[in-house]
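> Sequence first, then the predicted structure, then my questions.
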Amino acid sequence: MLALPVYLRGKTYYLHTRIGGQQFKRSLRTASREVAIIKASKILEAVMIRKFEIDIGKGIFKANDENDFQRMLTTLQFVERLGVRKPSSSAEEPLKGACSERSGLRLGDVLDKLFLLKKNLSTATVQSYKSTITDFSGFLKNPFITDIGKGDVSRYQEKLAKEGNSIRTIDNKIATIRTVFYFSIKQGYYFNENPAQNRTLQSKKDKIKNGYSIFTEEEIKQFFGSETFKTEKEKDADYYWAVLIALLTGCRISEVTGIQAKEIQKKDGFWVFKVMQSKTLAGVREVPVSADILDGLGLEEFLKGKTSAFKYMQRDGKGTGNAVGKKFSRHLEELKISREKLVFHSLRKFTNDFFMRNGVSLEARSQYIGHEVDNVNINFYTGKQSIEALFKQVESQQLKLAKLAAFI
């Protein structure tokens, strides 16, 4: 095997030699001698053969010409892969034959590249990503992405907590940062371990415990049977139909309010709601609802002459359903339905729970609601049911639900 100045210290191999009369020592961040030799050979080949000087500790970066400058950047990438970060301050001496200022990507630059390649993101998601990354970058004083580490993410979590953000909000923001760094690593802009990975504060059990509540059947009767709601059909038809459809379909509010009129079509015995934009791949689906319910309520008349099924527009990056959600909360207060964690999303949870209690299978519920089923048999050995087959499984339960809510 190739003889190199590679030594085991504890459980980690180090490269320890002298280059140009100067001691050179670097951790190779591995317990495997074979891997250590490969890493050491790459570093030595880069440092000893190329005509440039690097002293990371002192912040010295020198190159004789443009070609050597490019080779130096390549070497720095190798060093970064080993976890050695360049100092955030500028170099003490200017590079010979090259620009004296550091160059590289900042978080905002990487986010722009992400948006360029992932054009299927919803407007609300884009706004949410921009808001989080702008805040995080501003907190760190807009560093190069290669200068960001785990400690920076920890300090940002603490900052968010001091500002009064909930654990759920903090986790959501860190998830956005994690996504951007995974993209950076995949595209070759960042070479270390993702600094935002494994930083979730809530466990799965905590998420279930702290999640939104589910309406009871009595609360559903109280809300949908109230004059407060019924009069909205004339006063604010968009709100009335958005809430009604959300209950019958189990769709997220953004899925309902973002739907186009042409994506709501009538078939033999039922209406189909084609959800084309969703937060998950499983959420892109077709949802059938009995014509016996919707025809009697006047859905066709409501949709006549429309392009967008609903009037709601996105504002301040909060999504098309923001106005509906706020009005729904006000109506809950008026009706004194004030149990903790009851929100618009609780309708979706109620519909799923109602179907489950009335015998609809997990596979049918998941396809209807738009949930991924983590099961090898379902994911790899079965396909989706036809819309007709799905409707047959849910029709009787939809009618029960409509009677409960006094739609029929």
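Everything's here; your move.
> Please count neighbours and contacts with C-alpha atoms only from this point.
OK.
> shaky segments in the stretch 51-200 of the chain?
Where the stretch 51-200 of the chain drops to pLDDT under 70, the residues are 51-103.
> Let me see the ranges of the strands in it.
For the stretch 51-200 of the chain, the strands defined by DSSP state E, counting those that start in this stretch cover 52-55, 60-63.
> Can you tell me how far residue 298 is from residue 404?
Using C-alpha to C-alpha, to the nearest Å, residue 298 is found at 19 Å from residue 404.
> Sorry, slip of the keys, the one I care about is residue 23.
Note on residue 23: its distance to residue 404, by C-alpha to C-alpha, is 80 Å.
> Between the two, point out the one with more neighbours.
Set residue 23 next to residue 404 and count neighbours by other C-alpha atoms under 10 Å: residue 404 wins out with 17 against 9.
> what's the nearest residue to the more buried one if we skip its chain neighbours?
residue 221 (6.2 Å; C-alpha to C-alpha, 6 or more residues apart in numbering).
> Which of the helices or strands spans that neighbour?
Secondary structure assignment for residue 221, by DSSP states H and E: helix 217-224.
> What of residue 289?
Per DSSP H and E: strand 285-290 holds residue 289.
> which helices and strands does the next helix or strand after that strand pack with?
For strand 285-290, the following helix or strand on the C-terminal side (DSSP H and E) is helix 291-297. With contacts taken as 3 or more C-alpha pairs under 8 Å, 6 or more residues apart in numbering; DSSP states H and E, helix 291-297 sits against strand 270-275.
> Would you mind measuring from residue 29 to residue 6?
12 Å.
> Check the contact lists of those two and give me the overlap.
Listed as contacting both residue 29 and residue 6 by C-alpha atoms under 8 Å, 6 or more residues apart in numbering are 13, 14, 36.
> what's near enough to touch the last one?
Which is residue 36. 6, 13, 14, 28, 29, 30.
> So for the helix or strand containing it, mean pLDDT?
According to DSSP H and E, residue 36 maps onto helix 33-49. The predicted model gives helix 33-49 an average pLDDT of 74.
> Send me that helix as CSV with only the CA atoms.
Only the C-alpha atoms of helix 33-49 are listed here, as CSV (Å, rounded to 0.1, in the frame of the first residue of the first chain):
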residue,chain,number,x,y,z
ARG,A,33,-6.9,3.7,6.6
GLU,A,34,-7.8,3.1,3.0
VAL,A,35,-10.1,6.1,2.8
ALA,A,36,-7.6,8.2,4.7
ILE,A,37,-4.9,7.4,2.1
ILE,A,38,-7.2,8.4,-0.7
LYS,A,39,-8.0,11.7,0.9
ALA,A,40,-4.4,12.4,1.9
SER,A,41,-3.1,11.7,-1.7
LYS,A,42,-5.7,14.2,-3.1
ILE,A,43,-4.7,16.9,-0.7
LEU,A,44,-0.9,16.4,-1.1
GLU,A,45,-1.3,16.2,-4.9
ALA,A,46,-3.1,19.5,-4.8
VAL,A,47,-0.9,21.3,-2.3
MET,A,48,2.6,20.2,-3.4
ILE,A,49,2.3,20.1,-7.2
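> Just give me how far it sits from the chain centre.
38 Å (C-alpha atoms, centre = their mean, to the nearest Å).
> buried ones in that helix?
33, 36, 37, 39, 40, 41, 43, 44, 46, 47 (16 or more other C-alpha atoms under 10 Å).
> Serialize those residues to CSV and add fields for distance to residue 109.
Formatted as CSV, these follow (distance: C-alpha to C-alpha, whole Å):
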residue, distance to residue 109
33, 38
36, 34
37, 35
39, 30
40, 32
41, 33
43, 29
44, 32
46, 28
47, 30
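> re the thing from before, settle it for me: which of residue 29 and residue 6 has more neighbours?
Legend: neighbour count by other C-alpha under 10 Å for residue 29 and residue 6, higher for residue 6 (21 against 16).
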